[in-house]
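In: 3D model of this:
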Amino acid sequence: MNKQAKNTICLWYEKDALAAARFYASIFPDSQVGVIFHAPSGFPDGRKGDVLTVEFTVFGIPCVGLNGGSAFKQSEAFSFQIITDDQAETDQYWNAIVQNEGQESACGWCKDKWGVSWQIIPRTLMEAFSAGGEEAKRAFDAMMTMQKIDVAKIEIARRG
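Out: Numbering: from 1, shown residues only. So this is what the prediction gives:
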């Protein structure tokens, strides 16, 4: 990122913000690692020269990773929501996160090895929710039985 964005998501990491940023840039399109700031002096949980912050983008969204130490932990209160076009794309992102020491959760949610939550959501599910009524209910009920979203099962539920 050449120019600092006016609005940036800042994510607190214990110590691996650069590794996380590089991982995200390796799996998501329109993602990159930008400016890396090394601490000019010591700070809580860090020393002079350690990476303090790293600018990065995830699908074009500007972020900053802060190596802030162990005072705060990630939680599901923040998540990236990635909308996918099909099962192949859903599998690609889900598997990249989960197979890199991540954790599966429910209803399309998973967590990366740094504790950041991700919602890997196929477009067909969002379209079902937007349709409302019985179609939304059937898709919702199907989703509630899943970890990674199964596109074919959601499409069957949408049709009733």
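In: every contact and neighbour count from this point should use C-alpha atoms.
Out: OK.
In: all helices of the protein, in order?
Out: Per DSSP state H, the chain carries helices over the ranges 17-27, 87-98, 123-131, 133-143, 151-159.
In: residue 72: what's it in contact with?
Out: Going by C-alpha atoms under 8 Å, 6 or more residues apart in numbering, residue 72 touches 12, 14.
In: ramachandran angles for it?
Out: phi -130, psi 150 (degrees, to the nearest 10).
In: picking up where we left off before, residue 106 is nearest to which of the helices of the chain?
Out: helix 133-143 (8.6 Å; C-alpha to C-alpha).
In: pull out the buried residues from that closest one.
Out: 135-140, 142-143 (16 or more other C-alpha atoms under 10 Å).
In: of those, closest to residue 121?
Out: residue 143 (10.1 Å).
In: nearest residue to the closest one other than its sequence neighbours?
Out: residue 107 (5.6 Å; C-alpha to C-alpha, 6 or more residues apart in numbering).
In: tell me the confidence at the one you found?
Out: Per-residue pLDDT puts residue 107 at 98.
In: hmm, residue 146 and it touching each other?
Out: Yes: between residue 107 and residue 146 there is a contact under C-alpha atoms under 8 Å: 5.4 Å.
In: number of nearby residues for residue 146?
Out: By other C-alpha atoms under 10 Å, the residues close to residue 146 number 15.
In: check residue 4 too.
Out: 10.
In: how near is it to residue 114?
Out: From residue 4 over to residue 114 the distance is 24 Å, taken as C-alpha to C-alpha, to the nearest Å.
In: got the domain ranges for the chain?
Out: Annotated domains of the chain cover 7-69, 74-160 [automatic domain parsing].
In: could you dump the helices of the chain to JSON lines with distance to residue 65?
Out: As requested, those are exported to JSON lines (distance: least, C-alpha to C-alpha, whole Å):
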{"stretch": "helix 17-27", "distance to residue 65": "5"}
{"stretch": "helix 87-98", "distance to residue 65": "18"}
{"stretch": "helix 123-131", "distance to residue 65": "28"}
{"stretch": "helix 133-143", "distance to residue 65": "31"}
{"stretch": "helix 151-159", "distance to residue 65": "32"}
